[in-house]
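>>> return atomic coordinates for the entry below.
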Amino acid sequence: MIGRMTGATLRGLLVALLIATPALMLPDVASDSSQVTVLVALLAAFLTFVEYNSTLPSIVEFRDAPPFNRLRFTALFLTVVMLSAIIKGQTEPTMMTGALTSIGTIVGNAIDFPYSPVRLVVLMLPEGSDLAIVRSVRTSAGLAYLISLTAMTAFLVLVRILGWPTRRGAFNVWVNLPLFDPTGGGDVLYRLQRDARINIALGFLLPFIIPAVVKAASDLVDPITLSNPQTMIWTISAWAFLPASMIMRGIAMAKIADMIEDKRRRAYASAEGEDGFQTA
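Below you'll find the model as predicted:
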């Protein structure tokens, strides 16, 4: 119990730190914005603590199948920290911010070609945007995309080579997929495979769909202004993290479906072998 409470507390503090990072790192943050950030960070920390301190699952998937959630959190945390460092480096340059800006610029320029996700993010900006903002958005998008690709690659290695999620023991579907109802109708294996395909497909399409939707909606509502540093950080982070998270979830569900199919095959083979032995 003490270990579970300690782990839940640590996770809550890390989530609060994630949310507060831009406000802590960026200079000249308005006091009103800081107060809202602190309130949201405390609320997120409390919800995380309640979720992980409970012995029964609630809404967090793959809670007992590390390092799935740890890898996703690390990717998002690194994205927010590095984008915050890049923005801070525009007014308070250091060697680290200069290195991150260079990496983001190289990656952003490399994948900034027609109809690429980075090009669509740049085109999401309002007409007549300042050239410095355009460059900052391109650099941030390139670095965030690189982190997301690295996280997906690492998780694929965990699944295909290191044997996730069974390398640490049995996998409990009910605990790790609390929102998945096995009695919802249809074969569980088919539903898992279908959900896996949908998540992977949406993950590949979202980097293209999100900027297009925002650009189309800008004619009806006020467009998102990325001139605000915190708005840009969270917008770019969400644009890069959500698709990567969905693809990782799809890969995980496909792996679980493969495990169930393999277990069924062994059970059927065992049953046939017993029938043959009894007949003989």
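>>> do you know how far the residue lying closest to A154 once chain neighbours are set aside is from T153?
For A154, ignoring the flanking residues on the chain, the nearest one in space by C-beta to C-beta, 6 or more residues apart in numbering is L71 at 6.3 Å. Just so you know, the C-beta spots here come from the backbone N, C-alpha and C atoms, and that holds for glycine as well. Separation of L71 from T153 (C-beta to C-beta, to the nearest Å): 11 Å.
>>> with T74 instead?
From T74 over to T153 (counting by C-beta to C-beta), the distance is 13 Å.
>>> secondary structure class for the residue nearest to A154?
Recorded secondary structure, L71: helix (DSSP: H, G, I helix; E, B strand; the rest coil).
>>> rewinding a little: more neighbours: which of L71 and T153?
L71 (19 against 10; other C-beta atoms under 10 Å).
>>> mind listing what that one touches?
A151, A154, F155, L158, M248 (C-beta atoms under 8 Å, 6 or more residues apart in numbering).
>>> where does it land on pLDDT?
pLDDT for L71: 95.
>>> just the one 5 residues further on next, same as before
Confidence per residue is given as pLDDT, and for L76 that number is 96.
>>> chain neighbours aside, what residue packs nearest to it?
F241 (5.0 Å).
>>> residues contacting that neighbour?
So F241 contacts R72, A75, L76, T79, A144, S148 (C-beta under 8 Å, 6+ apart).
>>> so how do I select the buried members of these in PyMOL?
Command for PyMOL, covering only those of the contacts of F241 found buried under the criterion 16 or more other C-beta atoms under 10 Å:
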select buried, resi 72+75+76+79+144+148
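>>> farthest-separated two in the contacts of F241?
Farthest-apart pair in the contacts of F241 is R72 and A144; separation 13.9 Å (C-beta to C-beta).
>>> where along the stretch 1-150 of the chain do the helices fall?
Using DSSP state H, counting those that start in this stretch, the helices of the stretch 1-150 of the chain run over residues 2-25, 31-53, 68-89, 95-110, 117-123, 131-160.
>>> turn the ones you listed into CSV, including distance to T231.
Formatted as CSV, the helices of the stretch 1-150 of the chain follow (distance: least, C-beta to C-beta, whole Å):
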stretch, distance to T231
helix 2-25, 10
helix 31-53, 10
helix 68-89, 11
helix 95-110, 18
helix 117-123, 13
helix 131-160, 11
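>>> next, the contact list for the residue most central in space within the chain, please.
Centroid check for the chain by C-alpha atoms, centre = their mean gives S245 as the closest residue, at 3.5 Å. Residues in contact with S245, defined by C-beta under 8 Å, 6+ apart, are R72, G203.
>>> swap in F68?
By C-beta under 8 Å, 6+ apart, the contact list for F68 reads F62, F155, W164, P165, M248, A252.
>>> who wins on neighbours among the residues you listed?
Using other C-beta under 10 Å as the neighbour test, the contacts of F68 are led by M248, with 27 neighbours.
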